[in-house]
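> I need the structure of the sequence given here:
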Amino acid sequence: MTESSRANAPSPAAVKRVLDDDILARIRARAAAHDALNTFPFDDITDLAAAGYLRALVPVRFGGLGLTLPQLADEQSRLAAHAPATALAVNMHLVWTGVAKVMHDRGDSALDFVLTEAAQGAIFGFGVSEPGNDLVLFGSSTAAVPQQGGDYTFTGTKVFTSLSPVWTQLGTMGLDTSDPARPLIVWAFLDRADPGISRRDDWDTMGMRGSQSQTTLLDGARATADRVVRHLPPGPVNDPLIFGIFATFEILLSSVYTGIAQRALELGVAAAKRRRSAKHDGRPLAQDPDIRRRIAEAAMLLDATYPPIQTLARDVDDLVDHGPFWFARLAGLKHTSVENAKAVVDSMLRVNGGASYFTGDELGRLYRDVLAGVFHPSNADSAHATVASAWLGALDD
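Numbering: from 1, shown residues only. Predicted structure coming up:
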């Protein structure tokens with residue numbers, strides 16, 4: 001971390017580290033190969049699990065490490081600076097543990113089993129995104145069919161299912177239309193052993209290749225009644241589950257992309273000191289005023305990104321009530337963090353020069369990875385619409 005960014009990062013006393021330098025170094029050493037070969041980082045997940053990272057956010061009384069959300073956000077930035085795809089993949093498991101903690105802190109025990117089982121080694125996948133479903137949390141093209149005893153079966157296609165090769169439990173949702181007058185979105189958890197679950201080995205992307213966020217196919221996959229956690233009306237709804245998903249997802253996702261930007265700045269600074277300029281009599285590019293300005297602008301963007309991540313994470317933990325502005329602030333945080341990260345990486349690519357265009361260059365890989373941020377919810381259009389509604393009210397019918 002640079003001195004300028006360190007100034008606005010959490011103080012050492014406020015940070016509880018889980019990942020030591022040796023673990024992070026091993027993970028970084030493997031990242032390029034996973035990108036080049038389009039393979040899943042099994043060794044990374046093994047190392048993270050052994051360090052207790054998959055239960056980092058689980059309260060101590062459930063068998064976890066008891067990190068706060070600000071502490072985990074800081075750890076996710078550190079992990080992303082070493083291996084973006086690994087950080088993005090594990091992010092989805094951490095989101096579910098975060099949702100369970102958010103709900104538990106607010107007196108809702110519906111997802112306490114997530115905390116207990118994560119502490120025991122379960123890995124949770126996030127099976128929400130669907131092809132063409134821009135309603136995201138508020139609608140579904142997956143059929144949720146009620147069964148006797150309160151069970152449900154789910155049939156549909158889920159995309160961008162990170163951790164596809166290793167998750168053991170899938171948090172998902174579908175639409176129950178058994179009562180046409182009262183359709184319901186059903187949230188539930190599926191066991192990977194269910195014969196109605198399969199996946200396509202179809203993750204061959206520009207960036208974030210190691211995340212292996214493959215397509216998941218549900219064909220009558222059954223959730224038992226004790227794993228059905230919500231029946232909600234379609235559309236925006238005030239519910240702790242929805243708030244927990246939105247808050248934890250946006251904060252931890254922002255942390256991942258900010259970590260990518262942090263690493264890009266480190267590489268840009270190193271390139272500026274290493275590269276020499278014939279135009280300036282062989283002096284390092286660090287003496288070039290244009291390069292210095294690029295470095296300064298990138299550092300200022302990062303300095304403006306860390307504090308709001310930490311502030312909103314603390315607000316979630318402290319049960320702060322932002323009322324109708326909660327979703328606007330969270331959507332705005334994700335949008336701004338990703339856009340700032342993209343700008344930093346783009347600028348450092350220019351500092352590094354043409355070497356970044358060659359296969360295997362780390363900055364070139366970070367450039368491909370950071371672009372994935374624009375596709376996560378809330379996207380730019382959705383974020384602006386959410387913020388506009390908070391300040392101006394809903395659009396007229």
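> Might one say that Pro70 is in contact with Asp315?
No: the pair Pro70 and Asp315 fails to qualify as a contact (CB atoms under 8 Å) at a distance of 9.7 Å. C-beta: built from backbone N, CA, C; applies to glycine.
> Compare the two and say which one has the larger neighbour count.
With neighbours defined as other CB atoms under 10 Å, Pro70 and Asp315 compare such that Pro70 has more, 23 against 19.
> Pretty sure the more buried one sits in a strand.
No: under DSSP: H, G, I helix; E, B strand; the rest coil, Pro70 sits outside any strand and is assigned helix.
> Now name the helix or strand holding the nearest residue to it once chain neighbours are set aside.
Closest residue to Pro70 apart from its sequence neighbours, by CB to CB, 6 or more residues apart in numbering: Ala313 at 4.1 Å. Using DSSP states H and E, Ala313 maps to helix 306-317.
> avg pLDDT for that helix?
Taken as a whole, helix 306-317 has an average pLDDT of 98.
> on that earlier part again, list the residues that contact the residue nearest to Pro70.
Going by CB atoms under 8 Å, 6 or more residues apart in numbering, Ala313 touches 68-70, 72-73, 251.
> hang on, the earlier thing: now the element after the helix holding Ala313, going C-ward?
Proceeding N to C from helix 306-317, the next assigned helix or strand is helix 326-352, under DSSP H and E.
> pLDDT of that next one, averaged?
The model assigns helix 326-352 a mean pLDDT of 97.
> Tell me which helix or strand in the chain has the weakest average pLDDT.
helix 3-8 (a mean of 42; mean pLDDT, DSSP states H and E).
> now stretch 180-190, how far from the chain's geometric center?
Average the C-alpha atoms of stretch 180-190, do the same for its chain, and the two points are 25 Å apart (CA atoms, centre = their mean, to the nearest Å).
> Please apply the same query to stretch 127-134.
That offset, for stretch 127-134, works out to 16 Å (CA atoms, centre = their mean).
> Which parts of it count as buried, going by neighbours?
127-130, 133 (16 or more other CB atoms under 10 Å).
> Stretch 180-188 now?
Neighbour counts over stretch 180-188 (16+ other CB under 10 Å) mark 183-188 as buried.
> sorry, back to before: quick one: the helix holding Ala313 to chain centroid distance?
Distance, stretch centre to chain centre, for helix 306-317: 15 Å (CA atoms, centre = their mean).
> Kindly report the same for stretch 79-93.
Counting by CA atoms, centre = their mean, stretch 79-93 is centred 8 Å from the centre of its parent chain.
> swap in stretch 72-91?
How far stretch 72-91 lies from its chain's middle: 8 Å, per CA atoms, centre = their mean.
> end-to-end on that stretch?
Stretch 72-91 has its terminal residues 10 Å apart, counting by CA to CA, to the nearest Å.
> Does the residue nearest to Lys342 when sequence neighbours are not counted lie in a helix or a strand, and which?
In this structure, Lys342 finds its nearest non-sequential neighbour in Val370, 5.4 Å apart by CB to CB, 6+ apart. With secondary structure defined by DSSP H and E, Val370 is part of helix 362-370.
> which residues touch His376?
For His376, counting by CB under 8 Å, 6+ apart, the contacting residues are 253, 334, 338.
> buried stuff in the strand or helix carrying the first one?
In this case it means Leu253. Here Leu253 is covered by helix 240-274, with elements defined by DSSP H and E. Within helix 240-274, the residues that count as buried by 16+ other CB under 10 Å are 240-269, 271-272.
> hmm, back to that, would you mind identifying the next helix or strand past the helix holding Val370?
helix 380-392.
> buried set for that following helix?
Those would be 383, 386-387, 390, for helix 380-392 by 16+ other CB under 10 Å.
> now do stretch 312-325
Quick answer for stretch 312-325 (16+ other CB under 10 Å): 312-316.
> Stretch 159-166 now?
159-164, 166.
> Can you list the helices and strands that the helix holding Leu253 packs against?
helix 69-82, helix 84-105, strand 228-232, strand 283-284, helix 289-303, helix 306-317, helix 326-352, helix 362-370 (3 or more CB pairs under 8 Å, 6 or more residues apart in numbering; DSSP states H and E).
> What angle do helix 306-317 and it make with each other?
On the basis of axes from the mean of the first three to the mean of the last three CA atoms, to 10 degrees, helix 240-274 is oriented at 160 degrees to helix 306-317.
> what distance separates helix 240-274 from the centre of its chain?
9 Å.
> tell me the angle of that helix relative to helix 84-105?
Relative orientation of helix 240-274 versus helix 84-105 (the same axes, to 10 degrees): 150 degrees.
> ok, and what's touching the next helix-or-strand element following helix 240-274?
Downstream of helix 240-274, the next assigned helix or strand under DSSP H and E is strand 276-277. By CB under 8 Å, 6+ apart, the residues outside strand 276-277 that reach it are 282-285, 287-288.
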